[in-house]
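> Quick one: sequence plus predicted model below, questions after.
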Amino acid sequence: MKIKKPNTPVLIGRHEECDILKECLESSRSEFVIVCGRRRIGKTFLIDQFFENRYDFSFVGKHRTKTQTQLSYFSKAMRKYSGMKQTAYADWYDAFDALEEYLETLPTDRKKVIFIDEMPWIDSQRSTFVSALENFWNAWANRRYDIVLIASGSATSWMADKLIENQGGLHNRITRRLYLEPFTLAETEQYLQSFDSPLTRYDILQCYMFTGGIPFYLSLMNPKLSVAQNIDKLFFDKNAPLRNEYDELYSALFSHVDSYLKVIELLNNHKYGLTKREIGNATKFNGKYLNTILNNLEQCDFIDKYELFGKKNMLVYRLVDFYTLFYFKFIHNRHEKDTEWWSHNLEASGIKSWMGLTFELICMRHHKQIKKALGISGIGTSISTWKCMPDADNEIPGAQIDMLIERSDRIIHLCEMKFSEEEYCISNDYEMRLRRRMGIFKERTKTKQPLVHTFITTFGIGRGKHNSIVHSEVTMDNLFDS
């Protein structure tokens, strides 16, 4: 049987990161580059593609492996690149000494590229790895001009503690930091098109709802199947590859993972977010420890923070990781064995409401594209959210606006985000509800700025006599803008 050659993955996006790597090769100093980002984001793929797998030395740390075994693999890598006889190293000082000796044999008229992947895995208990790395960089590499050392790892807490915020020999030694973000809708479309996927933008929008633009999750999709069939295969099939992803996702990134999961689960139960004080009160975590958790989760794009309109310096933290939200909604504690559950429940109210809430998150992530569609890219803006509790004494009901765009020219967009299969039609009741909410907003915030309603929908607003409430429109196609 003739085996069909698989499609070769191509590098999508990452233009800014590639520019930085190019600068490293052209600079007049040695460069210590760290590449961070959540699990499955494509850190290794970016580096391999940019350098075309041409390294002067490369080593990948082994997960849950003892120091002596790590050193043995390091020695094997040295033999591969240097041609030297494989040697047993007593510790990491020995290993880095051998790396120095080998690199000094290479031509001096070009940069030498060293790529150490999954670095946190190398630093096993009672290892001398970090101190040996400090010595290698400070005593040798940093005193030259021709070294590019790239360190990558998914364990964000380790990368932050041991490299970025190192208070020892590596303090302020990192010269470049690359944080890889999930794909935008435009990049997701480019990625799927590179595999000849026939999916429409409406389909891709739904794909984004459970993949969040994470390249690895997208790579698991079968372009010959519908969105619903792909969801069944990825989450509900007997051998579904993403059913148990949650169990490894956070533990691979963070030490003291139980604390991180406590925050994640708390935010999952509060869809519209909590302030830092509310999170601290619920978890009993102190200020510094909580700050570390929130910062690390934010750097990995699991959570995001938004300003509360009218309350300067008060932020609301919200769970925004699409995979995690999908997991809690449809996978966690599910015991059904229907391998085609999604296809069998497409019209269920739970799926419909989830799509609506998730579309709001997609819009908030693509606020730059929304500004561009509104023609206000050149105007200073701030993105915020607003909510108020009912005022029983004055008989004023509660209200909430998920996304506001406040412009420096003193106009405020009250954004309505609606996911639908066709043009969205505004009913009389909905128009009246929006007008009442606008009145409550004016009353509670005391704002004097002009307010306009901006609708962000999949296919636009249908014709109708209640459209006068709409000042401006943004559609799904605008969200796919680069």
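Arrived safely. Numbering: from 1, shown residues only.

> CA atoms for contacts and neighbours, from now on please.
Noted.

> What segments of the stretch 351-482 of the chain are helices?
Ranges of helices in the stretch 351-482 of the chain, per DSSP state H, counting those that start in this stretch, are 367-374, 428-445, 476-479.

> Out of those helices, flag the one nearest G356.
helix 476-479 (13.4 Å; CA to CA).

> circling back: export the helices of the stretch 351-482 of the chain to CSV and append columns for mean neighbour count and distance to F309.
Shown next, in CSV, are the helices of the stretch 351-482 of the chain (neighbours: other CA atoms under 10 Å; distance: least, CA to CA, whole Å):
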stretch, mean neighbour count, distance to F309
helix 367-374, 18, 16
helix 428-445, 14, 8
helix 476-479, 20, 24
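
> Okay, strands next: where are they in the stretch 201-350 of the chain?
Using DSSP state E, counting those that start in this stretch, the strands of the stretch 201-350 of the chain run over 274-275, 303-308, 311-319.

> Of those strands, which is nearest T67?
Nearest to T67 among those is strand 303-308; the distance by CA to CA comes to 34.1 Å.

> Neighbouring strands - and their directions - for that closest one?
With DSSP bridges as the test, strand 303-308 is paired with strand 311-319 (antiparallel), strand 381-388 (parallel).

> So for that strand, what gets flagged as buried?
I303, D304, K305, Y306, E307, L308 (16 or more other CA atoms under 10 Å).

> mind checking how far the fifth one is from R243?
Taking CA to CA, to the nearest Å as the measure, E307 and R243 are separated by 34 Å.

> likewise the second one?
With distances defined as CA to CA, the gap from D304 to R243 amounts to 24 Å.

> do the third one as well
In this structure, K305 lies at 28 Å from R243, with CA to CA as the measure.

> cool, the first one as well?
Computed as CA to CA, the I303 to R243 distance reads 21 Å.

> Show me the shaky parts of the stretch 301-450 of the chain.
392-395 (pLDDT under 70).

> count of neighbours near K387?
By other CA atoms under 10 Å, 15 other residues sit near K387.

> what residues go with each domain of this structure?
For the chain, the domain assignment from automatic domain parsing gives the residue ranges 15-179, 184-321, 366-479.

> how about those domains, which one is nearest P9?
domain 184-321 (7.6 Å).

> first to last residue in the closest one, what's the distance?
End-to-end distance of domain 184-321: 13 Å, with CA to CA as the criterion.

> quick one: contacts for the residue most central in space within the chain?
In the chain, the centroid-proximal residue (CA atoms, centre = their mean) is D301; its distance is 3.6 Å. Applying CA atoms under 8 Å, 6 or more residues apart in numbering, we find D301 in contact with R38, E181, P182, V320, D321.

> Among the residues you listed, which one lies nearest to K446?
Nearest to K446 among those, with distances taken as CA to CA, is V320, at 30.3 Å.

> Look up the closest residue to that closest one, ignoring the ones flanking it.
I303 (5.1 Å; CA to CA, 6 or more residues apart in numbering).

> my guess is that neighbour meets V316, correct?
No. Contact criterion CA atoms under 8 Å: I303 and V316 do not qualify, at 10.2 Å.

> Name the spans of the stretch 101-250 of the chain whose pLDDT lies under the cut-off.
Using pLDDT under 70, nothing in the stretch 101-250 of the chain is flagged.

> 80 - rerun?
The model of the stretch 101-250 of the chain has pLDDT under 80 over residues 125, 156, 166-171.

> quick one, helices of it?
119-122, 129-139, 156-158, 185-193, 201-211, 215-219, 227-231, 245-249.

> Return the most buried member of those helices.
Scoring those by mean neighbour count under mean count of other CA atoms under 10 Å gives helix 119-122 as the most buried, with a mean of 24.

> how near is the closest residue to I164 other than its chain neighbours to E134?
Distance criterion CA to CA, 6+ apart; nearest residue to I164, sequence neighbours excluded, is I174 at 6.9 Å. Counting by CA to CA, the gap from I174 to E134 is 11 Å.

> next one: R110
Per CA to CA, R110 is found 23 Å from E134.

> before we move on, what about T188?
Counting by CA to CA - T188 and E134 are separated by 39 Å.

> ok so, going back, out of the strands of the stretch 201-350 of the chain, which comes closest to R54?
Using CA to CA, the strands of the stretch 201-350 of the chain put strand 303-308 closest to R54, at 35.6 Å.

> Can you give the distance from that closest one to the centre of its chain?
Distance of strand 303-308 from the chain centroid (CA atoms, centre = their mean, to the nearest Å) equals 15 Å.

> would you say T65 is within a helix?
No. Applying DSSP: H, G, I helix; E, B strand; the rest coil, one finds T65 to be coil, outside a helix.

> got the contact list for it?
W121, I122, S124 are the contacts of T65 under CA under 8 Å, 6+ apart.

> Please repeat the previous calculation with a cut-off of 10 Å.
By CA atoms under 10 Å, 6 or more residues apart in numbering, the residues touching T65 are W121, I122, D123, S124, Q125.

> same thing with T108?
Counted by CA under 10 Å, 6+ apart, T108 has contacts R144, Y145, D146, I147.

> from those residues, which is closest to Q229?
For the contacts of T108, the nearest to Q229 is I147 (48.2 Å; CA to CA).

> partners of that closest one in the sheet?
Where I147 sits in a bridge, its partners, by DSSP bridges, are K112.

> Please find the angle between the direction vectors of the helix or strand where K76 lies and helix 129-139.
Using DSSP states H and E, the element containing K76 is helix 67-82. Going by axes from the mean of the first three to the mean of the last three CA atoms, to 10 degrees, helix 67-82 is angled at 40 degrees with respect to helix 129-139.

> For helix 67-82, C-alpha coordinates in PDB please.
Provided in PDB are the C-alpha atoms of helix 67-82 (Å, rounded to 0.1, in the frame of the first residue of the first chain):
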ATOM      1  CA  THR A  67      20.200  14.100  37.300                       C
ATOM      2  CA  GLN A  68      22.600  11.300  36.300                       C
ATOM      3  CA  THR A  69      20.300  10.200  33.500                       C
ATOM      4  CA  GLN A  70      19.900  13.800  32.300                       C
ATOM      5  CA  LEU A  71      23.700  14.100  32.200                       C
ATOM      6  CA  SER A  72      24.000  10.900  30.200                       C
ATOM      7  CA  TYR A  73      21.600  12.300  27.600                       C
ATOM      8  CA  PHE A  74      23.500  15.600  27.600                       C
ATOM      9  CA  SER A  75      26.700  13.600  26.900                       C
ATOM     10  CA  LYS A  76      25.100  11.800  24.100                       C
ATOM     11  CA  ALA A  77      24.000  15.100  22.500                       C
ATOM     12  CA  MET A  78      27.600  16.400  22.900                       C
ATOM     13  CA  ARG A  79      28.900  13.400  21.000                       C
ATOM     14  CA  LYS A  80      26.300  14.000  18.200                       C
ATOM     15  CA  TYR A  81      27.300  17.700  17.700                       C
ATOM     16  CA  SER A  82      31.000  17.600  18.500                       C
END
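
> List the buried residues in that helix.
Here helix 67-82 shows T67, Q68, Q70, L71, S72, Y73, F74, S75, K76, A77, M78, S82 as buried, counting by 16+ other CA under 10 Å.
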